[in-house]
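>>> no sequence for this one, just the structure:
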Ligand code: ADX
C-alpha cells in the first residue's frame, strides 16, 4: 500500500519514461521493478509461466505489457502509473503504453513528472521520434533527463557507439535549456547498468540507472511561496459554514495566513485548513484540502485564493505553446473552450505565431497546426484567467483547448507570456478584439412554452453554464418583466402581444450590443413570436414542451388549480390557446429529457450559432477585397 504524500518521510520521484516503439521501454521498466523487488508475487508467477511457454527465459517486458491485453480488449489506457520503492526513495513511473497517440499520452504523463528517462536503441541512435519526445518533455517543463542508450549488448558494448550518441544528443538538446542531462549505457534485457553495474562496460565509470534515480536532486520541486489555490467546490453546511475545497497548485496554506480572493480582490485570512476531518497546521502543494476564511466572502468554482504579495497575472490575452492533439486542424478565431485550473471559459486562438520543426527545433511558418504539431500562438479569452507562465507553475500555466461542439480535447497549452508582458507592437489588440466584439453580435435565446413547462429552470441553468464561460448575458423572465416593465398589462391577447413586443425590443437592444439574452416567457402566440424573431435578427427559439397534464400536475405556483376553479380567467392551456412553434431551433421535452440533457442541447445550439457566425465572418474577411 502506498502511503499518501502527507506524513511520508521518504521522498518521491515522479518520472516519465520516453521511447520509440521497440526501444525496450517495457523491458527496462520490468527490469527496474524486478531487480528492485517491486513486482508482485502473482504477477511474477504469471510472467514466468508465460515466458516458459514461449521461450524459456523470463520476459520482463510482460510485467508492463500486461496492459497490452487490456488495450486489445478496447480499454483505453493513456498513462499507466507504476509505483515502486527502494530504501532511499519512492518512485512513480508514468509510462505511456500507446504508440499511436503517443504525443497525447506523453502530455498527460509529463504534467506531473520531474524527470524523464529517455530511451534510445544503440543500433539506431537518435530517431525523429526520440527528438520529438525529448522536445515535448522539455516543453512540458521537464528539465532533467536521463538518457539511456539501450541494447548495448547488440552492439558489442561498444564505447565508441555510446560516445558518438552522447555527442549527437548533446548537440540536439542544447537549445532545450535543460538543467541536467545524464547519459548511461544499458542493456535492459541483460540487466546491465539498470540496477546492477555492468561487468561488460568497464569503460562506463558512472553508477547504474537506479542509483541515479535514487540520488538525483528533487529539492527545487516544491515552492512554498506565491500561494495559488483554485477553488474546485464550495461546501456549505448549516447556516454559517462555508468551506472552499481544491488542490493547492502552489505554495502553502496555514491558519492565519493573509490571502487575496480573485477575481473579487478582497483581502482576508485563512481560518482553518482541513484534510478530510483533520485540521492541519499547514498544507502544501499538491495536497487537496478544504479551507474556511476569516471573513464572509462569496466565492465560487473557478475563483482563486492567492498570495496578496505575489499575485498571478489576471489576463485575457496571452501567448502560449500548443501541442495540437486532435486530428482536426487548428482554427483561428473559432470559439473554443479553454479549460484552465477549475474554470472553463470561452476563448479564441487569435494568431499562430509559428510552428516548431521538430528536427531542427527551429521556428517555421505554417498556416495551421495539425495532429502532433507544436506551435506558438496568441490566445484571447472572454473572461480573465488567473494564471502564471507554465515555467513558474505547471497548474496555473497549463490549459486545455476543447471543442465546444464535440467536447474533444484539441490541444494542450502552456502559457509563455501574459498580457502585461506582451509588447504592444507584437500584439494588435484592436485586431483581435474585433473578432470578439465586431463580428460577435449577441443572440436572443427565446424559451417559449406552457406555464410549468420548465422555461425558467432551463434558462437559469443555461445562464449559469454560459456565465462560467465568460459570455456577456442577460435574462428576461416573464414573471420578472411583468413586475417591472409590463406592470400595467394583463393577459388579454392584446396585452400579451404588447408584453412580448416590449421584451422583444429590450432583447433587440441588448443583442445589438453583443449580449446573449435569455428570454423565458409563455409567449403563446406564434405571430408575435415571429415578429420579434424578425426584429431581433440573432434569434434561437427553444420550445420548452411538456403535456398540459404534466404541467398541471407540477403546478409550481398553484395557478392551474386556481384557473380550474375559475379564479384565473384566460389562463394559457386552460381557456386560452398555446400555439406551439412550427420549427423551433431547439425542442426540450421536459417530460422525457433530464434538465442536463435540455441544458446541453440549448448550450450546444448557442455555441454552434456563435461558431458558425465567427467562421462566416472570418471567411468573409478573408475573401472580401480591401
Ligand atoms: S405571456 O403570455 O405574456 O408571455 P408571461 O410569460 O409574460 O406571459 O407571464 C406569465 C406568468 O404570469 C405566468 O408564469 C404566471 O405566473 C402569470 N399569470 C397570471 N395570469 C396568467 C394567465 N392568465 N395566463 C398565463 N400566465 C398568467
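On my side now, so go ahead. In this text the structure is predicted, and so the values were computed from the model without any measurement.

>>> Beyond the helix or strand bottoming out on mean pLDDT in the chain, next helix or strand please.
Here the helix or strand of the chain ranked lowest by mean pLDDT, DSSP states H and E is helix 429-436, holding a mean of 35. Towards the C-terminus, the helix or strand next in line after helix 429-436, according to DSSP states H and E, is strand 443-448.

>>> what does that following strand rub up against?
455, 458-459, 462, 507-508, 510-511, 516-524, 529, 532-533, 536, 538-544, 581, 584, 602, 606, 609-610 (C-beta atoms under 8 Å, 6 or more residues apart in numbering). In this view, the C-beta of every residue, glycine as well, is placed from N, C-alpha and C.

>>> could you redo the last one with a cut-off of 7 Å?
Under the contact criterion C-beta atoms under 7 Å, 6 or more residues apart in numbering, strand 443-448 has outside partners 455, 458-459, 507, 511, 516-523, 529, 536, 538-544, 581, 602, 606, 609.

>>> ok, which of those also contact the ligand?
Restricting the contacts of strand 443-448 to those within reach of the ligand (C-beta under 6 Å from any ligand atom) leaves 521-523.

>>> so which of those residues is the most crowded?
Looking at these with neighbours defined as other C-beta atoms under 10 Å, the largest count falls to residue 523 at 27 neighbours.

>>> three-state assignment of it?
coil (DSSP: H, G, I helix; E, B strand; the rest coil).

>>> so how far is residue 410 from it?
Residue 523 is 38 Å from residue 410, where distance means C-beta to C-beta, to the nearest Å.

>>> List the contacts of the closest residue to the ligand within the chain.
Closest approach of the chain to the ligand (C-beta to the nearest ligand atom) occurs at residue 478, with a separation of 2.4 Å. If you count contacts by C-beta under 7 Å, 6+ apart, residue 478 has them with 520-522.

>>> Ramachandran angles for it?
phi -50, psi -50 (degrees, to the nearest 10).

>>> Likewise for the one 4 residues further on?
Note on residue 482: backbone dihedrals following degrees, to the nearest 10 are phi -70, psi -20.

>>> pLDDT averaged over the strand or helix carrying residue 33 - what is it?
Element membership of residue 33 [criterion: DSSP H and E] is helix 25-35. Per-region confidence: helix 25-35 scores 79 on mean pLDDT.

>>> hmm, back to that, please convert the contacts of residue 478 to CSV, extending it with pLDDT and distance to residue 340.
Rendered in CSV, the data for the contacts of residue 478 read as follows (pLDDT from 0 to 100; distance: C-beta to C-beta, whole Å):
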residue, pLDDT, distance to residue 340
520, 97, 31
521, 98, 36
522, 98, 39
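
>>> Which pLDDT value belongs to residue 149?
The pLDDT attached to residue 149 in the predicted structure is 95.

>>> After the helix or strand containing it, which helix or strand is next? Please name it.
If you go by DSSP H and E, residue 149 is part of strand 144-150. Elements were assigned by DSSP H and E; along the chain past strand 144-150, the next helix or strand is helix 159-173.

>>> what does that following helix rub up against?
With C-beta under 7 Å, 6+ apart as the test, helix 159-173 has contacts from 120, 122, 125-126, 131, 134, 147, 149, 155, 181, 183, 185, 203.

>>> ok, now stretch 361-378?
When contacts are taken as C-beta under 7 Å, 6+ apart, the neighbours of stretch 361-378 outside the stretch itself are 103, 135, 139, 175, 319-324, 326-327, 329-330, 349-357, 427.

>>> Filter those residues down to the buried ones.
Neighbour counting with 16 or more other C-beta atoms under 10 Å marks 103, 135, 139, 319-324, 326, 330, 349-353, 355-356, 427 as buried within the contacts of stretch 361-378.

>>> just checking, which of those belong to strands?
Secondary structure defined by DSSP state E assigns 319-324, 349-353, 355-356 of the buried ones among the contacts of stretch 361-378 to strands.

>>> Give me the pLDDT for residue 568.
Each residue has a pLDDT score; the one for residue 568 is 94.

>>> how many other residues sit next to it?
Residues within reach of residue 568, counting by other C-beta under 10 Å, total 16.

>>> now do residue 81
Residues contacting residue 81 under the criterion other C-beta under 10 Å number 11.

>>> Okay, and the beta partners of it?
For residue 81, the beta-bridge partners under DSSP bridges are residue 94.

>>> partners of the strand holding residue 149, with directions?
On the basis of DSSP bridges, the sheet neighbours of strand 144-150 come out as strand 115-121 (parallel), strand 180-185 (parallel).

>>> For the longest one, give the mean pLDDT please.
Looking back up the chat, that one is strand 115-121. Along strand 115-121, the predicted confidence averages to a pLDDT of 91.

>>> And stretch 324-341, by the same measure?
For stretch 324-341, the per-residue pLDDT averages 91.

>>> buried residues in it?
In stretch 324-341, counting by 16+ other C-beta under 10 Å, buried: 324-326, 330-341.

>>> Kindly report the same for stretch 475-486.
475-478, 481-482, 486.

>>> and which of the residues you listed is nearest residue 256?
residue 475 (40.8 Å; C-beta to C-beta).

>>> and the host helix or strand of the closest one, what other elements does it pack with?
Using DSSP H and E, residue 475 sits within strand 473-477. Where contact means 3 or more C-beta pairs under 7 Å, 6 or more residues apart in numbering; DSSP states H and E, strand 473-477 is packed against helix 455-468, helix 493-512, strand 516-520.

>>> Give me the sheet partners of the shortest one and which way each runs.
Which is strand 516-520. Each strand paired with strand 516-520, and its direction, by DSSP bridges: strand 443-448 (parallel), strand 473-477 (parallel).

>>> can you pull the buried residues of the following helix or strand past that strand?
For strand 516-520, the succeeding helix or strand toward the C-terminus, using DSSP H and E, is helix 526-536. Of all the residues in helix 526-536, those buried under the rule 16+ other C-beta under 10 Å are 528-529, 532-533, 536.

>>> Let me have those residues in JSON lines, extended by pLDDT.
JSON lines is the format used below for the buried residues of helix 526-536 (pLDDT from 0 to 100):
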{"residue": "528", "pLDDT": "95"}
{"residue": "529", "pLDDT": "96"}
{"residue": "532", "pLDDT": "95"}
{"residue": "533", "pLDDT": "95"}
{"residue": "536", "pLDDT": "93"}
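
>>> Show residues contacting stretch 404-419.
The contact list for stretch 404-419 (C-beta under 7 Å, 6+ apart) reads 107, 139, 313, 315-326, 335-337, 387, 389-390, 397-403, 604, 607-608, 611.

>>> Identify each buried residue in it, please.
Within stretch 404-419, judged by 16+ other C-beta under 10 Å, the buried ones are 404, 409-419.

>>> now stretch 384-394
Residues of stretch 384-394 classed as buried under the neighbour-count rule (16+ other C-beta under 10 Å) are 384-390, 392-394.

>>> Many thanks, have a good one.
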